[in-house]
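Visitor: Provide a 3D model corresponding to the input given below.
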Amino acid sequence: MNNLVDLHAHILPGLDDGPDDREDALLMLEALKDLGFGHVFATPHYRLYSWKGIEPETVEKGVRDLSWAAEKQGLGINLLAGMEFDLDETLPDRVSDIPGGAGHILVDVGFLGVQKNLAELLGKVMDLGVTVLLVHPERNRELCRHKQELSALIASGVRLLGNIGSFSGMYGRKVRNDARDLLKGGYYWAAASDLHSHEQFPWIRDGIREILWRARDGSAEEMLVTRPMQLVQKMEGIG
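Guide: Have a look, this model is predicted:
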C-alpha cells in the first residue's frame with residue numbers, strides 16, 4: 001500500500017522527545033517513505049509543564065526547514081504542520097494555537113484514568129468548529145474497559161486515532177490486545193505512527209502488516225489513506 005498518510009509523528013528535530021537533529025529527522029522521513037508514506041504531519045507535544053514554549057510559528061518554521069532539507073535530499077514526501085495537545089481544563093482555550101490553521105487537533109487523554117468531564121471538554125472544542133482526534137486510546141486501560149463511553153465520544157464527532165505500533169506489541173501485550181479489539185469493533189477512524197525515533201520502525205512496519213491482515217473488510221485503506229487524506233486536502237485547501 002502506497003501514499004499512506006501519517007497524522008501523528010514527532011519528526012521535527014530538537015523540539016520535544018523526537019529526533020535531536022536534522023540528520024536523524026531525515027533518516028526517519030526516509031524510513032517512513034520506504035514504508036509507503038507520502039504525507040506526514042509533524043505533531044510535537046504541547047504540554048503545560050514541558051515544551052509549553054512551542055508556538056504554532058515554531059512548528060510551521062520547523063516544517064518549512066525540514067521540508068526544504070527533505071526536498072534537497074530528493075525524498076519526495078509531503079510534510080505538514082500539526083500539534084499534540086495534552087488534555088486539561090484549559091484545552092478549549094488553547095485550540096487557537098493550531099499550526100497551519102489545520103481545523104483539527106490531536107488530543108492525548110493520557111495513560112492512567114479518564115477525566116470525568118472528558119466528553120464535556122472535547123465537546124467545547126468541537127463547538128468551536130475544531131475536529132478532535134483522540135490519540136492512542138488503546139494505551140488507556142480505563143477507556144478500553146468502557147466501550148460505551150468510547151462509542152458515545154465517536155457519536156459526538158470525536159475520531160479515534162490508534163498507534164500503528166500498538167498492533168505489533170510495541171507497548172506490550174495488553175495494549176496490543178486492546179488495539180486489536182478496538183480495530184475489530186470498528187472504533188478507529190485512522191491509525192498513525194506516533195513516531196519518536198528510528199528504533200521504532202520495525203514495530204511500525206509490523207503494525208501496518210497487522211492492520212492489513214486483520215482489517216480484511218477494506219477498512220485498512222480507509223484508516224491509513226482515505227480518511228487521513230481528507231485532512232491533508234483540508235490543509236492544502238482542496239475540497
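Visitor: how about the strands in the chain?
Guide: Along the chain, the stretches classed as strands by DSSP state E are 4-9, 37-42, 45-46, 78-81, 84-86, 104-108, 131-135, 159-163, 188-192.
Visitor: got the contact list for the first one?
Guide: It refers to strand 4-9. With CB atoms under 8 Å, 6 or more residues apart in numbering as the test, strand 4-9 has contacts from 18, 28, 32, 35-43, 82, 84, 106, 133, 135, 161, 163, 190, 192-195, 208, 224-225, 228-229, 231-232. Yep, even glycine has a C-beta here, placed from its N, CA and C like the rest.
Visitor: about what we covered before: got a markdown table for the strands of the chain, with mean pLDDT and distance to Val95 too?
Guide: As requested, those are arranged in a markdown table below (pLDDT from 0 to 100; distance: least, CB to CB, whole Å):
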| stretch | mean pLDDT | distance to Val95 |
| --- | --- | --- |
| strand 4-9 | 97 | 17 |
| strand 37-42 | 96 | 16 |
| strand 45-46 | 84 | 10 |
| strand 78-81 | 94 | 15 |
| strand 84-86 | 89 | 8 |
| strand 104-108 | 91 | 6 |
| strand 131-135 | 95 | 9 |
| strand 159-163 | 97 | 15 |
| strand 188-192 | 97 | 19 |
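Visitor: Output those strands in CSV, with distance to Leu118 and mean neighbour count appended to each entry.
Guide: Rendered in CSV, the data for these read as follows (distance: least, CB to CB, whole Å; neighbours: other CB atoms under 10 Å):
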stretch, distance to Leu118, mean neighbour count
strand 4-9, 19, 26
strand 37-42, 23, 25
strand 45-46, 18, 22
strand 78-81, 26, 22
strand 84-86, 13, 21
strand 104-108, 9, 22
strand 131-135, 9, 22
strand 159-163, 13, 24
strand 188-192, 17, 24
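Visitor: low pLDDT regions in this structure?
Guide: Applying pLDDT under 70 to the chain flags residues 48-53, 96-97, 99-102, 238-239.
Visitor: Which among the strands of the chain is found nearest to Ala69?
Guide: The closest approach between Ala69 and any of the strands of the chain, judged by CB to CB, belongs to strand 78-81 at 9.9 Å.
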